[in-house]
Structures are given as C-alpha cells and as structure tokens.
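**Student:** when you get a sec, could you give me coordinates for this:
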Amino acid sequence: MTTAFNLLHQHIQTFVGNNKQWQTLIADDLMWELPYAPSLDHPARLTGPQEVMNHVTWFLEAVENFRFFNTKVYALTDSGVAVAEFSAEALIKSTGRL
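**Tutor:** Numbers count the residues shown, from 1 in each chain. So this is what the prediction gives:
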C-alpha cells in the first residue's frame, strides 16, 4: 500500500490509544483539513505541527471515550495521498452529550 495509506491507518489506530506514538506521525508540512469543524466554530484547516497539536490537545481534553468506527481508508494513485471515511463518537465533557 501507499505511504499515505499506511500513515492514515496509523493515525486512526493511535490517535487516542497511543497518542505519544501518534505524535511521531506529524510531519513539519502537515496540513489537516476538518471540513465540518467550522460548524463548531473551529478552523477548517490546521497547518503545521503546532496548530495540529494545539487543536488535538484541546480536543482530547474536551472529550471522553473517543473512538473511530466504520473505518474505510482508500489509497489513491499518488502514494502521498489517501482518503478515509469513518464515523466517530465521544462523550463531550462540557455538555454530557455523545
């Protein structure tokens, strides 16, 4: 499989369960798009390790029992590009809602 495909799988597997390992996946030129985040007053795009870590630190402190499920990762022709579809859930601490 492609490099991006493998990295995206590692992201999903380690994001919560082994966040220290997940942090080793962050590249200096990382650009993370979060298309639904603006509906929650968060940026649609995070650029670089510091922006990503700031957001992830906030996120992991704001939720409990986060998990990915129904995960599908697709390798594209360009080995540097992969796409994932998934569902996720967590308890939002500030509201008590899933």
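
**Student:** residue 30: neighbour count?
**Tutor:** 14 (other C-beta atoms under 10 Å). C-betas here are computed from N, CA, C, even on glycine.

**Student:** quick one: the strands in this protein, in order.
**Tutor:** 31-33, 45-47, 63-75, 82-92 (DSSP state E).

**Student:** pLDDT weak spots in the chain?
**Tutor:** Along the chain, the model assigns pLDDT under 70 to residues 1-2.

**Student:** output stretch 88-98 as PDB, nothing but the C-alphas.
**Tutor:** C-alpha atoms of stretch 88-98 as PDB (Å, rounded to 0.1, in the frame of the first residue of the first chain):
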ATOM      1  CA  ALA A  88     -16.500   8.600  15.400                       C
ATOM      2  CA  GLU A  89     -18.100   9.200  18.700                       C
ATOM      3  CA  ALA A  90     -17.200  10.500  22.100                       C
ATOM      4  CA  LEU A  91     -18.700  12.000  25.200                       C
ATOM      5  CA  ILE A  92     -18.400  15.800  25.200                       C
ATOM      6  CA  LYS A  93     -17.500  16.600  28.700                       C
ATOM      7  CA  SER A  94     -18.900  20.200  28.700                       C
ATOM      8  CA  THR A  95     -22.400  19.000  27.700                       C
ATOM      9  CA  GLY A  96     -22.500  15.300  28.700                       C
ATOM     10  CA  ARG A  97     -23.700  14.500  25.100                       C
ATOM     11  CA  LEU A  98     -22.400  11.900  22.700                       C
END
